[in-house]
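Asker: Sequence first, then the predicted structure:
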Amino acid sequence: MNLVKQSGKPLIGLIHNAGVNALGTIEFLPLSEYQWMLDVNVLGTLRLTQAALPFLRRHEKGSNSSRIVLVTSMSARVPALSRFGGYVASKYALEALGDALRQEVAALDISVSIVEPGVVPSKMVNKISHDFVDGYNKEAEAKRIYPHVYNEHKSKEFLFAFDTTHLSALDTCEAMEDAMFNKHPKTRYITSKVGSLPSWLLVRAAQLSTDRMGDWM
């Protein structure tokens, strides 16, 4: 924010796109990994938002509202997958902060939008795929206690869902652009796909099913 202050120019928007992930069962994933994910995915967003709000409130009267865009995940709209508990918990938290923030700053002419991508080509998704397979080879004690979590069928399903060969980040980028510059942005944008299915369809299916049905799927 010091650079913004020194420039003398108004801050019109803020996009929170940083995110990290660590895979593991609730019992065996080290607490330090949970702290890392929460610090980057949640507290990092919170720190920057708190620092930016005084500048975002100063936009010119009569101009479009200032914008805050939070990039979360469609995983925060469906039941969390095993081994993804820590990551999805951080995204649930970010969604809650976004909802509360949207209500708090609406009267200040600041718009808050949440972008919820499925799987998009990125270094983080590549890391998830690598860690998923690597975990099968290294997490011996977890595999012994939770064999139903570490089975070959789930592995094949996962690798198919996270295959980015035919996916693009374009619609996610377009959603962020729309949230920043559309006069009437949406509060939420669900983008991309998981495997061959659109993310919005999976979110809708989760809304119509029970928790037990989701666990079975």
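Answerer: All right, it came through fine.
Asker: Show me which residues of stretch 68-76 are buried.
Answerer: 68-76 (16 or more other CB atoms under 10 Å). Where you see a C-beta, it was placed from the backbone N, CA and C, and this is true even at glycine.
Asker: Can you give me the end-to-end span of it?
Answerer: Stretch 68-76 stretches 19 Å from its first residue to its last (CA to CA, to the nearest Å).
Asker: Could I get the average pLDDT for that stretch?
Answerer: Per-residue pLDDT over stretch 68-76 has a mean of 94.
Asker: so Tyr34 touches Tyr87, yeah?
Answerer: No: taking contacts as CB atoms under 8 Å, Tyr34 lies outside contact range of Tyr87: 9.5 Å.
Asker: Which neighbours do those two have in common?
Answerer: Shared contacts of Tyr34 and Tyr87 (CB atoms under 8 Å, 6 or more residues apart in numbering): Ala22.
Asker: who has more neighbours, the two?
Answerer: Per other CB atoms under 10 Å, whichever of Tyr34 and Tyr87 has more neighbours is Tyr87, with 28 against 18.
Asker: And the more buried one, how close does it get to Pro54?
Answerer: 31 Å (CB to CB, to the nearest Å).
Asker: same check, this time on Ser65
Answerer: 16 Å.
Asker: Who has more neighbours out of those two?
Answerer: When neighbours are counted by other CB under 10 Å, Ser65 and Pro54 differ, and Ser65 comes out ahead with 19 against 11.
Asker: what sits against the nearest residue to Ala22 once chain neighbours are set aside?
Answerer: The spatial neighbour of Ala22 that comes closest, neighbours along the chain excluded (CB to CB, 6 or more residues apart in numbering), is Glu33 at 4.0 Å. When contacts are counted by CB under 8 Å, 6+ apart, Glu33 is found next to 22, 24, 86.
Asker: Wait, the first one touches Ile128, no?
Answerer: Right, the one you point to is Ala22. No: checked against CB under 8 Å, the pair Ala22 and Ile128 is beyond contact range at 9.4 Å.
Asker: among the buried residues of stretch 68-76, which two are most distant?
Answerer: For the buried residues of stretch 68-76, the maximum inter-member distance is 21.0 Å, found between Ile68 and Ser75 (CB to CB).
Asker: quick one on the thing from earlier: among the contacts of Glu33, which one lies nearest to Gln50?
Answerer: Looking across the contacts of Glu33 and measuring by CB to CB, the closest to Gln50 is Gly86, at 23.7 Å.
Asker: Skip the chain neighbours and tell me the closest residue to the closest one.
Answerer: Tyr34 (4.8 Å).
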